[in-house]
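In: only geometry, no sequence info:
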Ligand SMILES: NC(=O)C1=CN([C@@H]2O[C@H](COP(=O)(O)OP(=O)(O)OC[C@H]3O[C@@H](n4cnc5c(N)ncnc54)[C@H](OP(=O)(O)O)[C@@H]3O)[C@@H](O)[C@H]2O)C=CC1
Ligand SMILES: CC(=O)C(=O)O
Ligand SMILES: [Mg+2]
């Protein structure tokens with residue numbers, strides 16, 4: 001209201017009241033206001049304010065073509081008059097729900113495939129669906145996010161992994177319209193000036209990649225831009241960050257992917273990657289440019305190849321508000337899933353024996369996060385490290401390979417004699433020798449968990465826990481169907497990209513059983529983590545914050561979910577989950593003295609809930625408009 005009064009000193013009291021007056025829909029216990037909604041959650045019910053948007057002088061056509069303000073067929077009659085839209089839109093006035101119903105139908109039509117394609121097993125064209133959603137986002141952000149949030153389970157695999165990976169692979173030919181910012185190796189010295197071109201003054205979250213390791217698909221150069229865009233779509237849909245406060249960034253230092261360099265349509269710098277000190281000088285300049293223009297923004301590093309991922313994190317983590325999602329976000333999500341799985345099986349984390357296949361940025365991030373949790377639960381550092389056996393392309397990480405190991409791998413190298421004997425052994429032999437209770441896959445290699453590997457594990461432990469976390473789907477270390485079959489349903493399983501429920505005949509039960517699945521993906525962590533950091537305006541992102549985020553995520557898994565085999569909450573609950581994670585993270589930042597902002601009444605839940613952006617149309621008012629009556 002203050003905003004409206006300040007913007008329109010002449011606005012009538014009736015207008016001001018109209019914007020905030022509630023009309024009550026008792027059947028849904030959900031209150032709709034002219035400018036917002038309020039959820040009745042008992043005594044603590046909060047008004048979710050959708051502030052009127054006051055925009056500078058613009059023509060109707062400019063408003064209609066601005067995705068942040070466009071409402072398509074949902075402008076009210078008065079808005080059409082006031083904003084100069086009369087005659088520019090069809091006569092119908094739809095609610096956003098009606099628009100979602102229409103666009104959802106068109107979304108499905110976009111994915112239709114021919115009969116021939118169907119015969120070849122291509123049931124639908126998911127990349128076409130991805131492009132359809134991207135072009136909706138380019139036209140109307142509010143409707144895009146309304147569709148996304150109302151059907152998040154169905155939409156997440158289209159805007160995010162696995163489909164975003166396939167879209168990135170062909171991004172130069174699929175390109176329609178630029179989104180976000182591109183900085184290149186040729187922009188050295190100019191980044192401070194270039195960042196001024198971003199049209200918005202407030203940015204809460206920057207997701208940045210250099211395209212060097214996109215999911216498990218390798219170096220995709222500038223074509224990796226789809227990943228920051230997809231991650232930020234989840235920041236909005238799952239974390240309630242305002243769309244206009246998100247900035248996807250590509251740092252294009254070239255590519256070592258010869259196929260792309262030879263592709264006449266490739267849109268990035270046509271050179272091999274800049275390396276060495278020059279690379280880090282570019283990144284330094286970028287980080288300085290971001291923090292001078294957006295001093296409170298959180299920077300999320302995404303899909304940087306090992307070892308740069310770790311080097312960049314170590315370089316900036318104490319001086320910027322930043323984290324690496326593949327290392328820390330993935331670590332927290334894996335820890336949360338394991339805590340839930342162990343609760344399901346009545347087991348203790350400190351007694352787990354973990355074989356992790358993949359010792360790159362994700363594998364090391366996960367193992368570090370879990371060993372840190374073991375220490376918090378009473379083990380010494382060495383006792384915790386002794387619970388891990390890491391395997392890479394050359395086999396088990398042992399002391400004999402010490403001179404060839406990366407810095408971050410050295411603490412996990414095995415010195416003990418049965419392990420040293422497994423030097424050079426196959427994965428099956430490692431599993432036979434170690435008899436792990438937990439098997440993790442972060443290798444980016446599809447099918448590594450073969451029948452003999454999984455069966456070997458299942459012979460030694462009653463409740464095997466297997467997380468095949470590599471993305472996209474075709475690079476998963478095994479499929480859900482395989483792992484339930486090979487363990488006769490005894491496994492607790494989660495995968496990086498989603499699999500549907502598996503129905504199979506169980507020989508031990510003598511009947512058909514259906515197994516529900518969970519997605520072990522950092523999408524459960526980064527939206528809530530980021531929301532908490534933004535809420536508290538934390539100066540840095542600490543391991544403590546990640547640990548509480550993981551704990552809180554594990555707490556969100558209900559007993560009923562555990563009973564049916566799920567170790568992560570349902571994706572349809574992700575906004576509520578993100579809120580809970582954000583509250584834990586912000587409160588931790590405050591306790592640890594690194595919050596620059598906190599609610600006076602210490603009620604982080606109310607504070608953050610009110611901050612969360614909801615995809616509803618706000619009344620639009622031009623700053624020079626003469627307004628009488630309702631909006
Ligand atoms: N579910 C989730 O939330 C997330 C999943 N991921 C996924 O994790 C995967 C790995 O990512 P990242 O760590 O960054 O990638 P890296 O390339 O840094 O690491 C891959 C690791 O796997 C090892 N590896 C490769 N081939 C084999 C093999 N045949 N047998 C055993 N080990 C092998 C590599 O060993 P070497 O170095 O010897 O080649 C390396 O240690 C990707 O698919 C990514 O999508 C990543 C982040 C989040
Ligand atoms: C999920 C993710 O961040 C990855 O696969 O890289
Ligand atoms: Mg990633």
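Out: Received it, and whenever you're ready, just let me know what you need. Since we're looking at a predicted model, the values are computed, not measured. Numbering: from 1, shown residues only. Ligands and ions are numbered 1, 2, ... in the order given.
In: use CA for all of it now, contacts and neighbours both
Out: Noted.
In: and the protein, which of its residues are near ligand 2?
Out: Contact residues, the chain versus ligand 2 (Cα under 6 Å from any ligand atom): 215, 303, 326, 471, 521-522.
In: repeat that with 5 Å
Out: For the chain, the residues in contact with ligand 2 (Cα under 5 Å from any ligand atom) are 215, 471.
In: Spatially central residue in the chain, please.
Out: With distances taken as Cα atoms, centre = their mean, the chain has residue 523 as the residue nearest its mean C-alpha position (3.4 Å).
In: Quick one: neighbours of the closest residue to residue 394 other than its chain neighbours, just the number.
Out: Spatially, and ignoring its direct neighbours in sequence, residue 394 is nearest to residue 424 (6.7 Å; Cα to Cα, 6 or more residues apart in numbering). Other residues near residue 424 number 17, with proximity taken as other Cα atoms under 10 Å.
In: that's a helix at residue 424, yeah?
Out: No - with DSSP: H, G, I helix; E, B strand; the rest coil as the criterion, residue 424 is coil rather than part of a helix.
In: That one contacts residue 396, correct?
Out: Yes - counting by Cα atoms under 8 Å, residue 424 touches residue 396, with 6.7 Å between them.
In: Which stretches in the stretch 301-450 of the chain count as helices?
Out: 308-316, 330-345, 361-376, 381-385, 417-420, 427-434 (DSSP state H, counting those that start in this stretch).
In: so how far is residue 501 from the closest residue to ligand 3 within the stretch 401-550 of the chain?
Out: Closest to ligand 3 within the stretch 401-550 of the chain is residue 522: 8.0 Å, counting by Cα to the ion. From residue 522 across to residue 501, the span is 20 Å (Cα to Cα, to the nearest Å).
In: Between the helices of the stretch 301-450 of the chain, which one is closest to residue 530.
Out: Residue 530 lies closest to helix 330-345 among those, at 13.2 Å (Cα to Cα).
In: hmm, that closest one touching ligand 3?
Out: No - counting by Cα under 5 Å from the ion, ligand 3 is not contacted by helix 330-345; separation bottoms out at 8.3 Å.
In: Now do residue 504 against residue 513, distance only.
Out: Residue 504 sits 6 Å away from residue 513, going by Cα to Cα.
In: And the next helix or strand past the longest strand seen in the chain?
Out: Once the chain is assigned using DSSP state E, the strand that runs over the most residues is strand 246-252. Next in sequence after strand 246-252, counting helices and strands by DSSP states H and E, comes helix 258-262.
In: Could you tell me which residues within that following helix count as buried?
Out: Using 16 or more other Cα atoms under 10 Å as the test for burial, helix 258-262 gives 260-261.
In: how many other residues sit next to the residue nearest to residue 516 when sequence neighbours are not counted?
Out: Excluding its sequence neighbours, the residue lying closest to residue 516 (Cα to Cα, 6+ apart) is residue 501, at 4.9 Å. Using other Cα under 10 Å, the number of residues around residue 501 comes to 13.
In: Torsion angles phi and psi at residue 501?
Out: Backbone geometry at residue 501, expressed as degrees, to the nearest 10, gives phi -60, psi 150.
In: ok, so what distance separates residue 290 from residue 283?
Out: From residue 290 to residue 283 the distance is 11 Å (Cα to Cα).
In: what about these two, which has more around it?
Out: The neighbour comparison of residue 290 against residue 283 (other Cα under 10 Å) goes to residue 290, with 22 against 19.
In: tell me which element that one falls in.
Out: Residue 290 belongs to helix 276-293 when assigned by DSSP H and E.
In: Could you list the buried residues of the helix or strand that contains residue 548?
Out: Residue 548 belongs to helix 543-555 when elements are defined using DSSP H and E. Going by neighbour count (16+ other Cα under 10 Å), the buried part of helix 543-555 is 545-555.
In: Likewise for stretch 385-397?
Out: 385-392, 395-397.
In: Equivalent analysis for stretch 405-416, please.
Out: 405, 409-414.
In: same thing with stretch 261-279?
Out: So stretch 261-279, judged by 16+ other Cα under 10 Å, has buried residues 261, 266-270, 273-274.
In: show me the contacts for residue 503.
Out: 512-515 (Cα atoms under 8 Å, 6 or more residues apart in numbering).
In: wait, doesn't residue 210 sit right on residue 301?
Out: No - if you go by Cα under 8 Å, residue 210 and residue 301 don't touch, sitting 9.1 Å apart.
In: re earlier: so which of the buried residues of helix 543-555 is the closest to residue 154?
Out: Nearest to residue 154, judged by Cα to Cα, of those is residue 553 at 21.2 Å.
In: any idea how far the closest one lies from residue 541?
Out: 17 Å.
In: With residue 380 instead?
Out: Per Cα to Cα, residue 380 is found 24 Å from residue 541.
In: who's more crowded, these two?
Out: Ranked by neighbour count (other Cα under 10 Å), residue 380 and residue 541 place residue 541 first, with 23 against 14.
In: show me what contacts the more buried one?
Out: Counted by Cα under 8 Å, 6+ apart, residue 541 has contacts 317, 321-323, 533.
In: Run a quick neighbour tally on the closest residue to residue 537 other than its chain neighbours.
Out: Distances taken as Cα to Cα, 6+ apart place residue 596 nearest to residue 537, at 5.2 Å, with adjacent residues excluded. Counted with other Cα under 10 Å, the neighbours of residue 596 add up to 15.
In: Then residue 105?
Out: By the criterion of other Cα under 10 Å, residue 105 has 10 neighbours.
In: same check, this time on residue 602
Out: By other Cα under 10 Å, the residues close to residue 602 number 11.
In: same thing with residue 510?
Out: Residue 510 sits with 8 neighbouring residues when counted by other Cα under 10 Å.
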